[in-house]
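# this is a predicted model, with the sequence first.
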Amino acid sequence: MHKTIIVSNRLPVDLKYIDNKLHVKSSSGGLATGMKSVHSEGNGIWIGWSGLAEDTMNSEQKNEVDQAIAQEKCVQVPLTEYDIDNYYYGFSNKALWPLFHYFQAYTEFEREHWESYVAVNQKFSEVILQHANDGDTIWVHDYQLLLLPELLRKKNPTLTIGFFLHIPYPSYELFRTCPWRYELLQGMLGADLIGFHTYDYVRHFLSSTSRIKEVEVNFNQISYNNRIIKVDSFPMGIDYNRYHNAALEHDTNPEHTKSELMKNIDLHNQSNEESKLILCIDRMDYTKGIPNRIKSFEYFLNKYPEFKGKVRLVMLAVPSRENVEQYQLLKRETDELVGRINGDLSTVSWTPVWYFYRSLPFNELIDLYVSSDIAMVTPIRDGMNLVAKEYIATRTKDTGVLILSEMAGAAKEMHEALIVNPNNFDQTADNIKAALEMPKEEQKRRLDALQKRISRYDVERWATEFLKSLEAAKNNKPPQAATKLSSDKIQEIASHYQKSSRRLLLLDYDGTLAGFKKNPEEAIPTNEIYSLLDTINEDPNTEIAIISGRDRNTFEKWFGPKNYTLVTDHGAWLRKNNSEWEALDRLKSDWKENIRPVMEAFTDSTPGALIEEKEFSLAWHYRKADAEMAALRTMELKHVLNGLLFNNNLSVLDGNKVLEVKNSNINKGRAAASIITKANYDFILAIGDDWTDEFMFEELPESAYSIKVGNVKTVAKYYIEDQITVLDLLNTITSK
Ligand SMILES: O=P(O)(O)OC[C@H]1O[C@H](O[C@H]2O[C@H](CO)[C@@H](O)[C@H](O)[C@H]2O)[C@H](O)[C@@H](O)[C@@H]1O
Ligand SMILES: O=c1ccn([C@@H]2O[C@H](COP(=O)(O)OP(=O)(O)O)[C@@H](O)[C@H]2O)c(=O)[nH]1
């Protein structure tokens, strides 16, 4: 029975030594809740860091910690103070965190931090490999462990590896600034499935991958190293029932032990019938937009002074990453701002901002959620933001309004919130006013829709969907129809060649005989090609047929005096023994007048793309265009062309970085068949690299040898790795 191992930087247990006594608290955070069923299932375990520095504990304490962790079905990766400073505070939180949240000016790229990040990812992989058996599933979480998927795959390819990023994935323009961008992507690509909160993050990741690494991206799948990696969005949810039920409990039992905070809230609510509370809960992090929020609240009070004395901002800021300088500066800035605004605007009976710098136990959090009229969740950038969802789950009386930043991943699903740009104080102020004045029916209508979605797509559903998709992705292997051409097979083909008396070699040109060039005109035959073909052609029992998508004039120029068989324009034209060109099908080309303007429009909007006009086809080349833009445009152009070609006996060939429109009756298969049937060949060998060569392979008799250049999906029997070896192969097979 295979098991699932969850891996994250932090374990779902909080461990603390207070007065030399170990305090253990199992975490109730979103991830821990979502993973509960996965974690408790069978022999599954959770691997991560305990939060304590290994080298600050004596051996007795280490044992105690190990045991406490084992009781929670967890295994720790011991980290030293050095690791914590350099891997966690350093590379994770001074480089990746600000970079992925678009705070470029805050990023510090220190080699020492990077080296520690590599070493700690390595430490994680060693611990995991000690506990993983062949075929187990490993689900790796978050930016602290980007290198882990590849490290694991290298050591144990039988593992099924999923990776989920909890923070935003930035645009390529940001990501490219990281000196170790290549290594980070390489690390992530070790996974079978890579998940993000939103589709935008998926897009950004695919864009970075296709620009930085030589991979093939098809919709949301990456072909890399003979594997298919699936990339998708899985918006994380919350444990809806836990929050909703706790809020119901609060309603039915209002006299539960009240905290100081709750007593103050009660006083506020009783002070004025119109009094309202606006709630903000965040980690004290510069991505959360805390100073902006305070300033926009001040702006609101000045723009709409009638609300002074009635509305309070209750701000809970949870201490976070206090060793990092930017977090210390933010704390200072927040303290000063709150002090100034309260100093400027407070009255004897009213303080505009209530500010708490601490974390609260669950019950008190619920008190806060339940008692607030409005939640203001306005991060500058946030992967998802669970507070927004928790607030909605605690609405049990059909009242409450959520003001949500469009920069939070949650905004992609929570359309019924009042969506604001946190940098636009006017808009934010107007939305605060709208929230305060929103009619009850509208509050209910918006809440109903939000609650419906959030209760349905909860955190358990999120985990299940991810694992289901991972299970499917692991079987998503690229088809392996062809066998690698072995040296024994090459000898067998060579000896068959020598023994036979009527031989045919069907050879594609671009990507097979000649290397693939950025500019098609540059792929002219080299002396090596001429000399090899001429030598083979000296034997009257061997016929060479170059069978290509190139146009007739080009081949006339390159092979005019030669007496090889030439097939051009994907099979439209044939020339044998240096005689006249013969059309293989009745051809019309008046359709070009309609198709050319469409291709021209796409060429204008795709820098680097060009149109090649052939006698009976039009080709749109995009090999020189930006890869990502070309992928998008190709999809669009294909769509438009397919609409235009319908019922016209024309078809679109999707070749290697080219879309070609041509008569449907023409293809390399028909051309190959017409050659094969003209003689009684006892040896046939065909080599090609392109999608269009598949037609040729399909028409070959069973006894023929078909060889694909590149290990990709094909109907050919054999494949060779690359074009560079084609000439050698021909030489070996044909030389006596
Ligand atoms: O472990 P810390 O350094 O103390 O930081 C706490 C966690 O913060 C980040 O949370 C993110 O994940 C949330 C759930 O997916 C998401 O809603 C939020 O937008 C993110 O910022 C971080 O990703 C975690 O690794 C940290 O443990
Ligand atoms: O005193 C507190 C305040 C907040 N939270 C929780 O911290 C999480 C914050 O998650 P979010 O996605 O909003 O942001 P992150 O801090 O992960 O970036 C939420 O589940 C909150 O309920 C908490 O446990 N104790």
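The structure has been received and is ready for your questions. Residues are numbered from 1 along each chain as shown. Ligands and ions are numbered 1, 2, ... in the order given.
# contact residues of the protein facing ligand 1?
9-10, 30, 142, 166-167, 236, 320-321, 382-386 (C-beta under 6 Å from any ligand atom). Where you see a C-beta, it was placed from the backbone N, CA and C, and this is true even at glycine.
# host element of Gly195?
Assessed by DSSP states H and E, Gly195 sits inside strand 193-196.
# tally of neighbours for the residue of the stretch 101-250 of the chain at minimum distance from ligand 1?
Per C-beta to the nearest ligand atom, His166 is where the stretch 101-250 of the chain lies closest to ligand 1, at 3.4 Å. For His166, the neighbour count with other C-beta atoms under 10 Å is 18.
# tell me the contacts of it?
Leu31, His141, Asp142, Tyr143, His197, Met236, Gly383, Met384 (C-beta atoms under 8 Å, 6 or more residues apart in numbering).
# let me know the secondary structure of it.
Three-state assignment for His166 (DSSP: H, G, I helix; E, B strand; the rest coil): coil.
# next: Gly162.
Assignment for Gly162 (three-state DSSP): strand.
# who are the contact partners of it?
Contacts of Gly162 (C-beta under 8 Å, 6+ apart): 137-140, 191-195, 466-467, 470, 473.
# restrict those to the buried ones and give me that as a PyMOL selection.
The PyMOL command for the buried members of those (criterion: 16 or more other C-beta atoms under 10 Å) is given here:
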select buried, resi 137+138+139+140+191+192+193+194+195+466+467+470+473
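# re the thing from before, determine which two of the residues of the chain next to ligand 1 are furthest apart.
Met236 and Arg321 (21.0 Å; C-beta to C-beta).
# look at those two and report which has more neighbours.
Comparing Met236 with Arg321 by other C-beta under 10 Å, the one with more neighbours is Met236, at 25 against 17.
# still on that earlier bit, closest to ligand 2 out of the residues of the chain next to ligand 1?
Checking these one by one against ligand 2 (C-beta to the nearest ligand atom), the nearest turns out to be Leu386, at 3.5 Å.
# what's the burial count for the closest one?
24.
# can you check Lys331 too?
There are 17 residues near Lys331, going by other C-beta under 10 Å.
# excluding sequence neighbours, find me the nearest residue to it.
Of all residues not flanking Lys331 in the chain, Met284 sits nearest, at 5.9 Å (C-beta to C-beta, 6 or more residues apart in numbering).
# which residues are in contact with Asp373?
Contacts of Asp373 (C-beta under 8 Å, 6+ apart): Lys276, Leu277, Ile278, Thr399, Gly400, Val401, Ala435, Leu436.
# dump these to a markdown table, plus pLDDT, secondary structure and neighbour count.
Below are the contacts of Asp373 laid out as a markdown table (pLDDT from 0 to 100; DSSP: H, G, I helix; E, B strand; the rest coil; neighbours: other C-beta atoms under 10 Å):
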| residue | pLDDT | secondary structure | neighbour count |
| --- | --- | --- | --- |
| Lys276 | 95 | strand | 17 |
| Leu277 | 95 | strand | 18 |
| Ile278 | 98 | strand | 23 |
| Thr399 | 97 | coil | 12 |
| Gly400 | 98 | coil | 24 |
| Val401 | 98 | strand | 27 |
| Ala435 | 98 | helix | 21 |
| Leu436 | 98 | helix | 18 |
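# so which of these comes closest to Ala679?
Using C-beta to C-beta, the contacts of Asp373 come closest to Ala679 at Val401, 82.0 Å.
# buried sites along the lowest-mean-pLDDT helix or strand in the chain?
Between all helices and strands in the chain, the lowest mean by mean pLDDT, DSSP states H and E belongs to helix 260-271, at a mean of 74. For helix 260-271, the buried set under the neighbour-count rule, 16+ other C-beta under 10 Å, comprises Leu261, Met262, Ile265, His268.
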